[in-house]
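Student: just coords:
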């Protein structure tokens, strides 16, 4: 009997070890389908929960000076950290949790997306030249689903970290993101929020939260 219990425990541990990475990296099954008609593209305010699905790793440019398994490990670590930070940030708006696209509830928002550019920059250029040379870059596409309307078509889509102020919330382009002050964040923008991918992640999560705030 003890041998059977030990075998069962080993199988259970193996199942968890396999499932957790799949949750964090299983983004190939993207549901970034066409948006709903504009006439219905309105998020239901005050969602009971905001679900965050890991952003897709299979898209975009990863300019991080790595290849092979080192690049794979970097992407997975970056994705995990990004997802956790986004959950923490969105938890200030509504109860939030990490969830992939299966077994979704009937109400709430689902926030997911993909990485456009992840560029680690050049510390040497930042040190030697300054003035923005060698700065890091983090750009994303964000898709928001209102689960009470559709689980397969997004209601809202926007970009973060892009220079065109018409395409993003403003951070990184010299203006304060709408709703940033409402989140209790300091009104400093662009490179004033810091450089480096770690700080870019924080800035991007703030952008996403700021963009969603007016819809609550």
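Tutor: Everything's here; your move. Predicted model only: the values in this text are computed from it and were never measured.

Student: just the helices in the protein please.
Tutor: Here the chain has its helices, by DSSP state H, at 2-25, 68-90, 123-128, 197-212.

Student: isn't residue 97 right up against residue 88?
Tutor: No - using C-beta atoms under 8 Å as the test, residue 97 is too far from residue 88 to be in contact (11.3 Å). The C-beta positions use only the backbone N, C-alpha and C, and glycine is treated the same way.

Student: ok, and what's touching stretch 48-57?
Tutor: 23-28, 30, 32, 75-76, 79-80, 82-83, 86-87, 90-91, 93-101, 104-105, 107-115, 140, 147 (C-beta atoms under 8 Å, 6 or more residues apart in numbering).

Student: switch to 6 Å and redo it
Tutor: The contact list for stretch 48-57 (C-beta atoms under 6 Å, 6 or more residues apart in numbering) reads 24, 27, 30, 75, 79, 83, 86-87, 90, 94-96, 98-100, 107-115.

Student: what are the buried residues along that stretch?
Tutor: 49-57 (16 or more other C-beta atoms under 10 Å).

Student: now do stretch 82-92
Tutor: 82-83, 85-87, 89-90.

Student: cool, stretch 100-108 as well?
Tutor: Buried-residue list, stretch 100-108, by 16+ other C-beta under 10 Å: 100-101, 104, 108.

Student: where in this structure is pLDDT low?
Tutor: Low-confidence segments of the chain, defined by pLDDT under 70, are located at 1-31, 38-41, 122-134, 163-195.

Student: residue 77: neighbour count?
Tutor: 11 (other C-beta atoms under 10 Å).

Student: my bad, residue 60
Tutor: 16.

Student: now do the one 4 residues further on
Tutor: A count of neighbours around residue 64, defined by other C-beta under 10 Å, yields 17.

Student: please name the nearest non-neighbouring residue to it.
Tutor: Sequence neighbours aside, residue 120 is the residue nearest to residue 64 in space, at 4.6 Å (criterion: C-beta to C-beta, 6 or more residues apart in numbering).

Student: check the gap between the one you found and residue 140 for me.
Tutor: Residue 120 is 16 Å from residue 140, where distance means C-beta to C-beta, to the nearest Å.

Student: before we move on, what about residue 97?
Tutor: According to C-beta to C-beta, residue 97 stands 20 Å off from residue 140.

Student: likewise for residue 152?
Tutor: In terms of C-beta to C-beta, residue 152 sits 21 Å off from residue 140.

Student: more neighbours: which of these two?
Tutor: Counted by other C-beta under 10 Å, residue 152 and residue 140 do not tie: residue 140 has more neighbours, with 26 against 10.

Student: report the beta-bridge partners for the more buried one.
Tutor: residue 115, residue 160 (DSSP bridges).
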